[in-house]
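K.L.:
Here is a sequence together with a model predicted from it:
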Amino acid sequence: MSKKVKALILTGDGINCENETALAFAQYGCETKIMHVQDLIDQPGQLNHYQILALPGGFSFGDEIGSGQILALKLKYSLGVALTEFINQRKLIIGICNGFQVLVRLGLLPKPFTERQMTLTHNRQGHFINKWVSLKVPESKCVWTKSLQGKEIQLPIRHGEGKITFAGDQATQHNTFQALVANGQIALSYTEDVNGSYQEIAGVTDPTGCILGLMPHPEAATSNWLLPDGTAKKSEQAFGTQFFMNAVKHCEEML
Amino acid sequence: MKTTYRFEIYPNEHQSFAMSLSETKLTEWFEKYCNIKFEKLFKANYFLLEANEPIPEIDTYAKTILTDLVTEVLFSSESKNMDMISYLGKRGFSNPVLCDISFKPGVTDNSAQAVLEAFKLIPDLKKYELNVASGECYFLQSTVNLTDAEYEKITYEKLANQLLQKVIIGRKDAIQINTRMQAPKIVEVLSTSHEATTINLNQDEQTLLKLNTDNCWALSLEEIYFVRDYFKTLSRNPTDVEMEVIAQSWSEHCKHKIFASHIEYSEGELPNHMKKLGNFEVNSLFKTFIRGATEKIKADRNLNWLVSIFHDNAGIVRFDKNVDVCIKVETHNSPSALDPYGGALTGILGVNRDILGCGQGAKPIANTNVFCLAEDSFFKENNIKLHSKLKNPDRIAEGVHLGVQDGGNKSGIPTVNGAFVYDHDFVGKPLVFCGTVGVLPQTEHNQSTAEKRQKAGDYIVMSGGKIGKDGIHGATFSSMELNENAPASVVQIGDPITQKRLGDFLIEARQKDLFSSVTDNGAGGLSSSVGEMATYTNGAIVELDRAPTKYPGLSPFELMVSESQERMTFAVPKEKIHQFLQLSEKRSVLSTVIGEFTNQGQLLVRYQGKTVADLNLHFLHESLKPMQLKAHIDTLSIETSKASHWLKGKIKEAAKSASAKEQLLSLLSSANIRSHEHLVRRYDHEVKAATLVKPFTGTKEIGRHAPTDAGVIWLHPHGGEQDNAISVSCGIAPQVSQFDAYEMAVHALDEAVRNSVCVGADPAEMVLVDNYCWPDPITSQKNPDGAHKLAQLVRTSKAIYDLSTDYGMPFVSGKDSMKNDFMADDVKISVQPTLLVTAMGRVRSLNHMTTSEVKASGDLVYLMGPEQLTDFKKQLELYKSLHKAITLGFVKSAHDVSEGGLAVSLAEKIMATTLGMEINTTLDLFKESAGRIVVTIDKAKQKDFEALFVSDLTFLGTVTTTAQLEIKNKLTVANTESLNAYRIKAKGDVVPQARQGVN
């Protein structure tokens, strides 16, 4: 193939997983560019050159107020137009951990350009947790999980604010959840309660399946060597890598 | 007209009215430590926003910025839109008391900074001059009636730090009428500066000593006389700025005077178990035993991979074809004693800056941390009342843990290795060791990245945070014992986001070749960073009034020695300054030209056009003569030292467990062995996706709850070779010091090495870092046994020389902290002499990586290592043999034998798996000695494996499918029992809960 898929990975203001996120895309022959948020704000037109936008994990603005809140404000006020265009072209966006929190606070998940219905708040335990967890990947519209749907996978979580909460009273929350299920927008859920998240949701996609937000870190499960114990390294699979493979493949077909 | 708003953030009506888990835990804390039961506790955050004129529609903006519309509501002083009593009523409060906590003026307020930035993002608000402060509201309700003073006191016990924060108590009526909303105000920082003055040193001894104390110089009388005589030759008196620069440059913290001193060491009669060293003189412990060891090893082994050692902020070594790695470990004990959270946070951020300031700037890739702490329960169990000036040791533990957690996590640096060590003597001063590993390309722009290249004529640029009063006298302070009058300004709070931006900017600027040199602004502030950099070019001129300040009112000397955090000093060639400042601005990093490097031999400091310091660099750095000290140890000094221990006769004898099984379970749950998983999992240990061996291991089914021996970091994601990694491990054994400081050092060093060898590092490519934390070893009236402690220092130093040279593992960096004593009234609490050794080894292939847990039934279990570690050369051969066995693929698991001895090590290897062991041995199951490792190997490789070892190899038994440890005729313990004992404090924290929401 002559044309290569291009992924833009944002950095700066406390984002800190840009390097491994770029490496994860690069594994599949994707051309990657790590760009400081400010450089994109200075020239928003650059976004046109990319098929994939990644908001990596980190502690943007130190996670003061609410995690992802200030970076979301910054993107909203200075990149709103460019982002809208990017989404309307059905290009791919992934927000991992803090990036997920940013997407949610930007109002892009679960459905772009509608009133906000969900948020990510403090874990039930009230503190940060780093551990590997098992996840179910349901059938969904999500482009990113295509090859994983129906499987149970393992990824690390590393967050203090990963509890998904919906707006409104219990009935409203339930309706929102049911609508997401019906729509194929639940992209990932924990096999057990790890942080108090509503119905153990770990990842959500938008109605087109192009935008994925998830709390676990697929970019930290891209090699067997990174699996969490000696036996796993020899005999299990590093599932994280498939998120990036699916995205790059999808874009290659669109080129 | 200046207007201030107050915004409080509360959960909305759809959120649970019950207490959160964190709130419940707080009530449990108060019940346990203050004996007060709060039936209700509720926390909310608030912000004060000050604007130069009223802002129309401010509530709308505030809602957008400060609240999460899905879950929160805003209570604003503008609209006074809430009835607090009815709101709190829904949460079960009938008689709430408010503890309103705000920062004292001038204290770093990270939340406020972030919120200020957020307000400035709103286009409509750009025209206003804004200022923000943050605070916390705690609503409490107790069945007992407490006075305001009592509420204030308990708030300072747990929720606030008196040095940094202010508490206002509000009763129900004040909450009802919203008193705090009436006229909110941000307290201004009031400070007056004074001009530089001259100080007359031609005065009597008493006056000079008073000056010394009043100014926190921490100089000796001899040193003051030396300064006086020097200035006599210049026919003038020093200025206060000059005295401050001298005092901090000559502080123990910066100059390491004890390690540079000339010591006469002598021994009297010693107990049999102590190694006799004879009498000798040593000219600088550092040069003789530490750098001396490295030089000998470098020559003996003809090493070519030591790139830069001892003269930079961190040691740099070459363990990869593409990148170099560097390592540094620091302590932050005194600040952590005063403000555990801030002390530990600035500790970790500080050592990160050491890495950023190493060579041309390295990128931090991993953190380590070791805490030496005391436990409140120990004192309770022994009915010992602690001095009122001492902080509750459990609160210190919570604070330092949170500090390191925030420092590492928010900076995106994984915490890959560490330890928690408990001993009652750490109640006076906790020891907080923070280490960082970094990477840098070997060359960039066709030049080595390990070198500093500043030239006369380069600008001096200060980047990062602004200067405030925080941390003034930090360097000299840490060189003093902790006393009742310690100045509050020594406390600093770190600002991870400013530092993250600074670090990212630094690496980008290095890649763009925009500066010639960089160093950290650590202890001693500008005085230290500029002073050190100036020695390369032989001079510098600093224009102090250019330095940006947090608030007005800083005197010149304060600008020079303030230790305000998150600052680095750059040397920038004049032709690159424009580009440098431009990039800095784009990356939201404050950079200011504050002077230039010269070659005139002087450190010249000006303030508002006047010269306030003009110091000769040779005088400042080279003129001080080494101290002459005497060290002596004998049975009498050992007895005297024991007899004067502050807890002598007050500690109850521990009851001995009856059976071997009980003994094992009691060891597994003891303070220095039990799991700290609930704390360690709050550190991000795998950000950057390069942590190969993580802090815990085990199987998916049981949960990864068993300890590993060392962190292993893959170099490939950091630009290194595909199949290459490094190990990072530590060793520490303060409890051995009471027997012998030589033995203590052997334990510490060997443990660090052993741990790295266990995970697959090559003993032929391993480097060490030493960190000493000692009680004051200088004899004085207050410290009569100084010579004994100095002798312990000599013995430890000799031990690490002997061991490192025999192992052929060089020291590449190190640090010492020499005054770890607490003194108030008649109480003196000194830490046990403590040495932390950190080892970094090369794991030559990822296939060599070995973890501690057993892998398959039928595998064979072996113990290797001597009964007593005395023959160091032989021990190295053992490690080499083990490494050979690992590289040949014989070894399935390896785990060191340390605290608790053999049985603990065996239990740890199986308890987080579904496998077990059948062991048959006559060895002592609980003996703790250095140098031993338990491995499991593939049965098919038994012959080949055994052939690799000449001696010190004992067959123990077999791995089985029954999940239990069975030691024939001695004990049988199920894995679940071991794991339960081991996780005694770590359980119940991350357990699943019933599903939330409607099914």
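P.N.:
Perfect, I can see it now. Residues are numbered from 1 along each chain as shown, chains lettered A, B, ... in the order given.

K.L.:
Please report phi then psi for A:Glu192.
P.N.:
The phi/psi pair for A:Glu192 (degrees, to the nearest 10) reads phi -150, psi 170.

K.L.:
Surely it touches A:Glu200?
P.N.:
Yes. Counting by C-beta atoms under 8 Å, A:Glu192 does reach A:Glu200; the two are 7.1 Å apart. Every C-beta, even on glycine, is put in place using the N, C-alpha and C of the backbone.

K.L.:
Count the neighbours of residue 183 for me.
P.N.:
Chain wasn't specified; assuming chain A. 16 (other C-beta atoms under 10 Å in any protein chain shown).

K.L.:
oops, chain B please
P.N.:
9.

K.L.:
cool, B:Lys2 as well?
P.N.:
So B:Lys2, with other C-beta under 10 Å, has 12 neighbours.

K.L.:
which stretches of chain A aren't confidently modelled?
P.N.:
Flagging of chain A using pLDDT under 70 yields the residue ranges A:1-2.

K.L.:
would you list every one of the helices in it?
P.N.:
A:18-26, A:37-42, A:69-88, A:98-105, A:170-182, A:230-235, A:240-254 (DSSP state H).

K.L.:
So if I had to pick from A:Glu192 and A:Glu200, which one is more boxed in?
P.N.:
Of the pair A:Glu192 and A:Glu200, A:Glu200 is the one with more neighbours under other C-beta under 10 Å, namely 23 against 12.

K.L.:
How about the contacts made by residue 185?
P.N.:
I'll assume chain A. When contacts are counted by C-beta atoms under 8 Å, 6 or more residues apart in numbering or on different chains, A:Gln185 is found next to A:110, A:140-142, A:204-207.

K.L.:
Wait, chain B was what I had in mind.
P.N.:
Contacts of B:Lys185 by C-beta under 8 Å, 6+ apart are B:4, B:48, B:50.

K.L.:
quick one: it and B:Ala62, what's the gap?
P.N.:
Noted for B:Lys185: a distance of 17 Å to B:Ala62, by C-beta to C-beta, to the nearest Å.

K.L.:
Let's verify B:Val370: helix, strand, or coil?
P.N.:
strand (DSSP: H, G, I helix; E, B strand; the rest coil).

K.L.:
Pull up the residues of the stretch 401-550 of chain B that are close to chain A.
P.N.:
Counting by C-beta under 8 Å from any C-beta of the partner chain, the residues of the stretch 401-550 of chain B lying close to chain A are B:405, B:409-412, B:495-497, B:500-501, B:504.

K.L.:
Pull the number of nearby residues for A:Gly184.
P.N.:
For A:Gly184, the neighbour count with other C-beta under 10 Å is 16.

K.L.:
Kindly report the same for B:Gln600.
P.N.:
B:Gln600 - counted by other C-beta under 10 Å - has 15 other residues nearby.

K.L.:
State the pLDDT value of the closest residue to it other than its chain neighbours.
P.N.:
Take B:Gln600 and drop its neighbours on the chain: the residue closest to it by C-beta to C-beta, 6 or more residues apart in numbering or on different chains is B:Gly539, 4.3 Å away. Predicted confidence (pLDDT) for B:Gly539: 96.

K.L.:
OK, contacts around B:Gly539?
P.N.:
B:456, B:597-604, B:617.

K.L.:
With B:Ala540 instead?
P.N.:
With contacts defined as C-beta under 8 Å, 6+ apart, the neighbours of B:Ala540 are B:460, B:530-531, B:533-534, B:595-598, B:603-604.
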